[in-house]
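Asks: Dropping the sequence and predicted coords here.
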Amino acid sequence: MKNKFLSLTLLTFAITFMTGCSTHNAALYNYENYSESYYSYKKDPSTKSQLELQKSIELAIQNAQNSQSGRVAPGLYANLGYIYLKEGKNKLAIENFQKEKALYPESTHFMDRMIKKIKLLEGENNEK
């Protein structure tokens, strides 16, 4: 009886120890170096830092399948769309807002408002 208890205790300890050492620690989303480039952009909102932010977002989107979820992180398409909007690339902005909305339906209201504002601005520019 004592040997069974000792064996069971050692087995339990070994299993606990082995599962605690698991190296499979994949992140839910793949952000690449988005955080660093976003911080740099907020610290110094220059054209160069905006381009670095844009490239980091595009890279994170490109490598999203490497994450545990296999999808693009929430807000990345919206942020990329906003960058395109600031650059005057309205069509690309709308495309990214629609991708964000399709992937994360909870953003529908906000993305629809952004798309509506872009279309209103385009309408005003066409009237001039």
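Replies: Everything's here; your move. Just so we're clear, the structure is a prediction, and the values are computed from it rather than from any experiment. Numbering: from 1, shown residues only.
Asks: secondary structure element for residue 39?
Replies: Counting by DSSP states H and E, the element that carries residue 39 is helix 34-43.
Asks: That helix - contacts with which helices or strands?
Replies: Judged by 3 or more CB pairs under 8 Å, 6 or more residues apart in numbering; DSSP states H and E, helix 34-43 is in contact with helix 47-62. To be clear about C-beta, it is placed using only N, CA and C from the backbone, and glycine gets the same treatment.
Asks: tell me the average confidence for the helix it packs on?
Replies: Taken as a whole, helix 47-62 has an average pLDDT of 92.
Asks: Check whether the residue positioned nearest the centre of the chain sits in a helix, strand or coil.
Replies: Central residue of the chain (CA atoms, centre = their mean): residue 73, 2.5 Å from the mean position. Put simply, residue 73 is coil when judged by DSSP: H, G, I helix; E, B strand; the rest coil.
Asks: Would you mind listing the outside residues contacting stretch 94-106?
Replies: By CB atoms under 8 Å, 6 or more residues apart in numbering, the residues outside stretch 94-106 that reach it are 71-72, 74-78, 80-81, 84, 107-108, 111-112, 114-115, 118.
Asks: Got a PyMOL select line for the buried ones in those residues?
Replies: This is how PyMOL selects the buried members of the contacts of stretch 94-106, with burial counted by 16 or more other CB atoms under 10 Å:
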select buried, resi 71+72+76+77+78+80+81+84+107+111+114+115+118
